[in-house]
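Q: Fold the stuff below for me.
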Amino acid sequence: MASWDEIIAVYMLANRKHGTLYIGVTAHLIQRMYQHREGHTPGFATRYGCKVLVWYEPHESISEAIRREKSLKSYRRANKINLIEAMNPDWRDLYWDLLK
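A: Down below sits the predicted model:
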């Protein structure tokens, strides 16, 4: 199996528990999280301080991941929170788990 850095994933970032959420897609999860954490990604996530990786979902193809990202963006906020809390009830920063 490839490292998480090489796996295509849809992810959600937050600025705090139950705070602002950002949904993105990447083919290099660890690298992308580093960019978000360091503020190298101008736009919504940086503007609202979304740096905490609270949820992610790996995919086999970029087209599949993009479809899922678009679907998630249409979800109601409560449904996004339910997804996060099913995987990560304490809203821990999962970035550190990826580095292990």
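Q: helix or strand right after the helix ranked longest in the chain?
A: Across the chain, the longest stretch assigned as helix under DSSP state H is helix 62-74. Sequence-wise, the next helix or strand downstream of helix 62-74 (DSSP states H and E) is helix 77-87.
Q: could you pull out the strands for the protein?
A: For the chain, the strands defined by DSSP state E occupy 8-14, 21-26, 52-59.
Q: In TSV: these, plus mean pLDDT and mean neighbour count.
A: Where C-beta positions appear, they are placed from N, C-alpha and C, glycine not excepted. Formatted as TSV, the strands of the chain follow (pLDDT from 0 to 100; neighbours: other C-beta atoms under 10 Å):
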stretch	mean pLDDT	mean neighbour count
strand 8-14	97	24
strand 21-26	97	21
strand 52-59	97	21
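Q: Reformat these as CSV; add distance to Tyr95.
A: Shown next, in CSV, are the strands of the chain (distance: least, C-beta to C-beta, whole Å):
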stretch, distance to Tyr95
strand 8-14, 9
strand 21-26, 13
strand 52-59, 4
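Q: what about these, which gets the closest to Ala78?
A: Smallest distance to Ala78 across these (C-beta to C-beta): 11.4 Å, for strand 21-26.
Q: and the closest one with strand 52-59, angle?
A: 40 degrees (axes from the mean of the first three to the mean of the last three C-alpha atoms, to 10 degrees).
Q: what does stretch 19-33 contact?
A: Stretch 19-33 is contacted from outside by 3-14, 44-45, 48-50, 53, 56, 62, 65-66, 68-69, 72-73, 77, 80, 95, 98-99, using C-beta atoms under 8 Å, 6 or more residues apart in numbering.
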